[in-house]
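Asks: Got a predicted structure plus its sequence, pasted below:
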Amino acid sequence: MINFNEQRILPYTPQQMYDLVLNIEEYPEFVTGCQGARIYQQSNNSMQAELNIGFGPLHEHYLSDVFFKPYEFVQASCHTKPFKHMINRWEFAPHEQGSIVTFNIDFEFQKSLFNMVTNQIFLSLSKDIMNSFISQASKKYK
């Protein structure tokens, strides 16, 4: 099982960062390793999203249950292949310089050989996620 947590103070409002994170269908445009994204169901505070991820010769897709509270958090969880479990959570709080954004991901792949190879790759991609969103925010909210 791998866990990664990162927190940053950003010059964007909680609403701007929340909107960016919740716009899952745009992930392939700026999130490293995301090759496709689709929303299947959506309600006032939840949705189901499919993400296609790939790195080198390895490609997988999975469905996430996404729960959110406007401008406060977005949480996605998956308990099906290729994961034994995966939970990621974004939190947004106002700050005098813009917002405090926290990203946490906890995951484990199901297959042990796949797990050994992909844990480090997926951890590396997870560490780059915040930078991907910051870069996108700088382009979108100049």
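Replies: Done, it's in.

Asks: for the spatially most central residue of the chain, helix, strand, or coil?
Replies: In the chain, the centroid-proximal residue (CA atoms, centre = their mean) is Asn88; its distance is 6.3 Å. Taking DSSP: H, G, I helix; E, B strand; the rest coil as the rule, one finds Asn88 in the strand state.

Asks: In this structure it contacts Ile105, no?
Replies: Yes: using CB atoms under 8 Å, Asn88 makes contact with Ile105 at a distance of 4.1 Å. Backbone N, C-alpha and C define where each C-beta goes, glycine included.

Asks: just to revisit the earlier point, let me see the contact set for the residue nearest to the centre of the chain.
Replies: Contacts for Asn88 (CB atoms under 8 Å, 6 or more residues apart in numbering) come out as Gln75, Ala76, Ser77, Phe103, Asn104, Ile105, Asp106, Phe107.

Asks: Per-residue pLDDT of it, please?
Replies: Listed pLDDT for Asn88 reads 94.

Asks: which residues does it bridge with?
Replies: Asn88 forms beta bridges with Ala76, Ile105, as assigned by DSSP bridges.

Asks: before we move on, what about the one 10 residues further on?
Replies: In this entry, Gly98 is beta-bridged to His95, by DSSP bridges.
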